[in-house]
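> Just need the structure, nothing else, for what follows:
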Amino acid sequence: MPSTWIQIVGAKKTGKTSLIEKMTRELVRRNRDVCYIKHTHSEPGFDNEDTDTSRIRNAGASTSVLAGTGSTIAFHTGATETIDRISFRDALADEIVLAEGFKQVPGKKIVMAGGDLKIDELEGIVAIVGDAPDGYSGAAFGPDQITELCDLVEKLTASGGGEMWSTRLFIDGEEIKLNSFVQDVMASAVLGMSTALKGIEGGGEMELRCAVIADEE
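A predicted model of the protein is given here:
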């Protein structure tokens, strides 16, 4: 359950990945945990992708995982997922999620100026990197102002300016909207029951999975 996600958007070849790399190094230097998520219109892959996991995924597996001693790579196939769902599942608590792309998804955006991107059609802009267009009066930074950009991200994190949630419910893959009262009730109930278990003291993040088991006649 990440506390904040920021989308870095822009046209191709405007330096999005390089900017995220520099921001990641600076945030890690500040002892912040960073999760990177990239949006792609092509089939994900790695240069050294394990051939067996690729074969099984191509055979129809919905998830294939390559687990090593120092890292784990998971491939999820099927319908395109939203950035908030991906962040909820794959990021750790209190991580700052830097998402490359997802320009049509609601959320806080750092925009790379240049190219054919129509900035006036974007929502949720918190900063522009590069030459700001006429009429823009928000925060603007040069591509080397990494410290200042990370200051902004941490400010959004501290103020709750990023996307946040406490409890979310999915039934058969579809999210059920919950108001704040129901979120609090569900979280309190699960936390209360779990702390009654021997050796469990509770925590800031919990995951509960339920499935309906049909009775055998």
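> isn't Cys190 right next to Leu208, touching?
Heads up, residue 190 is Val, not Cys. Yes - contact criterion Cβ atoms under 8 Å: Val190 and Leu208 qualify, at 5.6 Å. Quick note: C-beta positions are derived from backbone N, CA and C, even for glycine.
> Who has more neighbours out of those two?
Counting neighbours by other Cβ atoms under 10 Å for Val190 and for Leu208 shows that Val190 has the greater number, 15 against 12.
> how about the more buried one, secondary structure?
Secondary structure, DSSP: H, G, I helix; E, B strand; the rest coil: Val190 is helix.
> With Asp144 as the reference, measure out to it.
In this view, Val190 and Asp144 are 46 Å apart by Cβ to Cβ, to the nearest Å.
> next one: Ile37
Ile37 is 24 Å from Asp144, by Cβ to Cβ.
> Compare those two and say which is more crowded by neighbours.
Higher neighbour count among Ile37 and Asp144: Ile37, with 17 against 11, using other Cβ under 10 Å.
> give me every residue that touches the more buried one.
When contacts are counted by Cβ atoms under 8 Å, 6 or more residues apart in numbering, Ile37 touches 83, 86-87, 90-91, 97-100.
> Output those residues as JSON lines; include the columns pLDDT and distance to Val9.
Formatted as JSON lines, those follow (pLDDT from 0 to 100; distance: Cβ to Cβ, whole Å):
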{"residue": "Ile83", "pLDDT": "74", "distance to Val9": "11"}
{"residue": "Ile86", "pLDDT": "75", "distance to Val9": "16"}
{"residue": "Ser87", "pLDDT": "74", "distance to Val9": "16"}
{"residue": "Asp90", "pLDDT": "73", "distance to Val9": "20"}
{"residue": "Ala91", "pLDDT": "74", "distance to Val9": "19"}
{"residue": "Val97", "pLDDT": "87", "distance to Val9": "14"}
{"residue": "Leu98", "pLDDT": "91", "distance to Val9": "11"}
{"residue": "Ala99", "pLDDT": "88", "distance to Val9": "9"}
{"residue": "Glu100", "pLDDT": "89", "distance to Val9": "8"}
